Structure formats: structure tokens, C-alpha cells
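*Asks:* Return atomic coordinates for the entry below.
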Amino acid sequence: DGMGELYLKYEAMKARLMKEGLFDVSRKKPLPLLPRMIGVVTSRSGAVIHDIATVTRRRYPGMQLVLRPCLVQGENAAPDIAAGIAEISCVPGIDVIIVGRGGGSMEDLWAFNEEIVARSIFASHIPVISAVGHETDFSISDYAADVRAETPTAAAVMAVPDTFALRQDVSDNYQRMSSALKRNMDLKQAALRRFDPQ
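*Replies:* Take a look at the predicted model:
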């Protein structure tokens, strides 16, 4: 019965906020290609910050992470999450915010279904990735965010570029430009030779 009541509350809030335009795709901000700093709003002690830090170090060593620790469960969690998003969006240099927590029951994840969290995400001038629970979990914060990640680890992959792939792209582009320049020079030289009186 309790789960049924929560689900009805969830669906009613989702419908109301959708009608207000909080989930409009046209208002979602793109993630930057090369962020300078990533803000993370989650529990200090959970696995989420560890997973994000591990992925970040592997993909882009030296990328700065700024943690704004918050409650992720319980009566006071939603206001703390909302305040965390607002506070970390004011930190100079932060280009992306990841907000979330690991998996759990609907009651465990409920703070991320609260209206105050959705409105804080919507109000952020910095792109927000919502990473709440597991692949099958959908929260109100997922709909309000600019991007939904299936897991916190997936959020880190979305937010942080892979330096190896970036280097490979630069190398490939250099090779293409060099080849194009050589072809162009060869064509120009051939054209000049046609006008050479010798």
C-alpha cells in the first residue's frame, strides 16, 4: 500500500512538472566537450564518489572534482540535495554537475523525486547529469536534468573526456590535414608545371 501511494505521488508530480515545462528537451543544456572541473553532489561516504573519482582519474588524469557532500536518503535529504546543487553551481570553474546516489528501494531514492530537487536542477545555469540508482530506476531528477545517466559510473563517462581518444582524434585530424595539404600542393605544382616554358 505504501509503495502504491508513493507511485501515485510520483506520477502526479511528474505530470505536473512536465506540464510546467521543467522537462522540456528544448531547455536542456549540452555537456561541454572539455570541462575544467566537475562538481559532484552526493554522499561523502557512499560508493558514488569513489566510482566517479576512479573513472575520472582513468579517463582524464588531473581533472578536478569538487564534492559537495549531502544526505541522499531520509527526511532532510531533499533540501540538502537542492541546496548542494545551488551551492556548487556557484563555484568558479565548474562546468558540469553530477548529482545522484547508488541503488535502493523507491523509498530510499525518494529524495530525488522531491519537487525541491527538480526545481534546483532546473534552475542551475550549469549542465546537470542525474545519476540515481540503477539502470531501471527513473527519478524526477532524471527528467529535470539536462542528461540522465543510468549509473553514477556512466555519469562520469559522460562528463569526462577520454584523453587517449582525444589524442587519437588530434593525431587523426593532423594526418588528414597533412594529406589534404600535400594533395593541394601537388595539384598546384602540377598546374604550375603546365605553364612552365621549359
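*Asks:* Residue ranges in this protein under the pLDDT threshold?
*Replies:* Residue ranges of the chain with pLDDT under 70: 1-3, 165-166, 168-169, 172, 196-198.
*Asks:* And what about Glu97, helix, strand or coil?
*Replies:* Heads up, residue 97 is Ile, not Glu. In three-state terms, and counting by DSSP: H, G, I helix; E, B strand; the rest coil, Ile97 is strand.
*Asks:* What's opposite it in the beta bridge?
*Replies:* Legend: beta-bridge partners of Ile97 under DSSP bridges are Gly39, Val128.
*Asks:* surely it meets Ile126?
*Replies:* Yes - between Ile97 and Ile126 there is a contact at 5.4 Å, judged by CB atoms under 8 Å. No exception for glycine: its C-beta is placed from N, CA and C like everyone else's.
*Asks:* Please enumerate the shared neighbours of the two.
*Replies:* 39, 89 (CB atoms under 8 Å, 6 or more residues apart in numbering).
*Asks:* Mind checking which of the two has more residues around it?
*Replies:* The neighbour comparison of Ile97 against Ile126 (other CB atoms under 10 Å) goes to Ile97, with 27 against 18.
*Asks:* who's in contact with the more buried one?
*Replies:* Neighbours of Ile97 in contact, by CB under 8 Å, 6+ apart: 38-41, 85, 88-89, 124, 126-129.
*Asks:* Would you mind measuring from it to Thr54?
*Replies:* Distance from Ile97 to Thr54, counting by CB to CB, to the nearest Å: 19 Å.
*Asks:* can you check His125 too?
*Replies:* Counting by CB to CB - His125 and Thr54 are separated by 28 Å.
*Asks:* who has more neighbours, the two?
*Replies:* Thr54 (13 against 7).
*Asks:* what helix or strand is the more buried one on?
*Replies:* Taking DSSP states H and E as the definition, Thr54 sits inside helix 47-59.
*Asks:* Now find how far off-centre the helix or strand following that helix is within its chain.
*Replies:* Once the chain leaves helix 47-59, the next helix or strand it forms, by DSSP H and E, is strand 64-69. In terms of CA atoms, centre = their mean, to the nearest Å, the centre of strand 64-69 is set 14 Å apart from its chain centre.
*Asks:* List the contacts of strand 64-69.
*Replies:* With CB under 8 Å, 6+ apart as the criterion, strand 64-69 contacts 36-44, 49, 52-53, 56, 84, 87-88, 91, 93-94.
*Asks:* cutoff 6 Å now
*Replies:* 37-41, 44, 49, 84, 87-88, 91 (CB atoms under 6 Å, 6 or more residues apart in numbering).
*Asks:* I'd like those residues laid out as a markdown table, including distance to Asn184 and neighbour count.
*Replies:* Listed next are those as a markdown table, based on distance: CB to CB, whole Å; neighbours: other CB atoms under 10 Å:
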| residue | distance to Asn184 | neighbour count |
| --- | --- | --- |
| Met37 | 41 | 14 |
| Ile38 | 41 | 25 |
| Gly39 | 45 | 28 |
| Val40 | 47 | 29 |
| Val41 | 51 | 31 |
| Arg44 | 57 | 11 |
| Ile49 | 51 | 19 |
| Gly84 | 54 | 23 |
| Glu87 | 53 | 14 |
| Ile88 | 49 | 23 |
| Val91 | 47 | 13 |
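*Asks:* Sounds good, over and out.
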